[in-house]
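Engineer: With the sequence up front, the predicted model follows.
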Amino acid sequence: MRQQFTACIALACIALSGLANAQKVYKCTVNGIVTFSQQECGKDSKQIADIPKSRAPAAQDDAIGGATHGQQKNYDDANLRAISNSVADAQCERDARKLYIEPDTSEIDALQAQIKRLESSQYMSNTRNGMTYTAQSQLIEQADRTRAASLRSVVATKQAQNEAIRTESRKAMQEALVRCDQQRAQRETAK
């Protein structure tokens, strides 16, 4: 949020400053962050404003006829409004995308690793003093199989919960993006 505010202030300064050399303002995404620049800043650069170089002071405009200064201000206001709208659109979309939640799957991964260990266990009969202890080995094997089945059930439940979270958050994100588009459309029709 602070970066966007800083970018907006910087753009306003560029637009209003008499020292600005650049006449164009570009918008692009750099490392996932919406960026505004005086030069093309990436392959997805889009020119969003064309700000003329600063003109003569108001006193000289008045001496020439006075109308040009008001026209310049309206042009600058339109450019600032376009920049402000672009920043607002980017913020709206960024906020909407934050609604999507990708659940943590580390617990599921750990459970699946545990299931794999249980299923790959080797069971052997034991012979001590001439006696074979296969019953004990069979009990351990059966307990491990039961535990693995129980863990598979837990994994399935957690996967279903995660999918429900993904579905709901994706729906909320899509609804928010639609609202962003509606706001943009309302602004366009209001012009």
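Structural biologist: Perfect, thanks for sending it. Numbering: from 1, shown residues only.
Engineer: Just the strands from the protein, written as ranges.
Structural biologist: For the chain, applying DSSP state E gives strands covering 24-30, 33-37, 46-50, 127-128, 131-132.
Engineer: Make a markdown table out of those and add distance to residue 149, mean neighbour count and mean pLDDT.
Structural biologist: No exception for glycine: its C-beta is placed from N, CA and C like everyone else's. Formatted as a markdown table, the strands of the chain follow (distance: least, CB to CB, whole Å; neighbours: other CB atoms under 10 Å; pLDDT from 0 to 100):
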| stretch | distance to residue 149 | mean neighbour count | mean pLDDT |
| --- | --- | --- | --- |
| strand 24-30 | 48 | 18 | 76 |
| strand 33-37 | 48 | 17 | 73 |
| strand 46-50 | 56 | 15 | 73 |
| strand 127-128 | 30 | 8 | 59 |
| strand 131-132 | 27 | 9 | 56 |
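Engineer: between those strands, which one is nearest to residue 176?
Structural biologist: Among the strands of the chain, the nearest to residue 176 by CB to CB is strand 33-37 (16.6 Å).
Engineer: In its sheet, which strands sit next to the closest one, and in what direction?
Structural biologist: Strand 33-37 pairs in its sheet with strand 24-30 (antiparallel), by DSSP bridges.
Engineer: could the strands of the chain go into JSON lines alongside distance to residue 151?
Structural biologist: JSON lines is the format used below for the strands of the chain (distance: least, CB to CB, whole Å):
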{"stretch": "strand 24-30", "distance to residue 151": "43"}
{"stretch": "strand 33-37", "distance to residue 151": "42"}
{"stretch": "strand 46-50", "distance to residue 151": "51"}
{"stretch": "strand 127-128", "distance to residue 151": "32"}
{"stretch": "strand 131-132", "distance to residue 151": "30"}
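Engineer: give me every residue that touches residue 99.
Structural biologist: Contacts here follow CB atoms under 8 Å, 6 or more residues apart in numbering; on that basis residue 99 touches 169, 172-173, 176.
Engineer: Among those, pick out the one closest to residue 78, please.
Structural biologist: residue 176 (27.8 Å).
Engineer: and that closest one, how many residues sit next to it?
Structural biologist: The local packing of residue 176 (other CB atoms under 10 Å) involves 18 other residues.
Engineer: In contact with the residue lying closest to it once chain neighbours are set aside, which residues?
Structural biologist: Closest residue to residue 176 apart from its sequence neighbours, by CB to CB, 6 or more residues apart in numbering: residue 96 at 3.4 Å. Contacts for residue 96 (CB under 8 Å, 6+ apart) come out as 173, 176-177, 179-180.
Engineer: what about residue 96, distance to residue 172?
Structural biologist: 8 Å (CB to CB, to the nearest Å).
Engineer: swap in residue 32?
Structural biologist: Residue 32 is 20 Å from residue 172, where distance means CB to CB.
Engineer: ok, those two, which is more surrounded?
Structural biologist: Per other CB under 10 Å, whichever of residue 32 and residue 172 has more neighbours is residue 172, with 14 against 6.
Engineer: got a list of what the more buried one touches?
Structural biologist: Neighbouring residues of residue 172 by CB under 8 Å, 6+ apart: 99-100.
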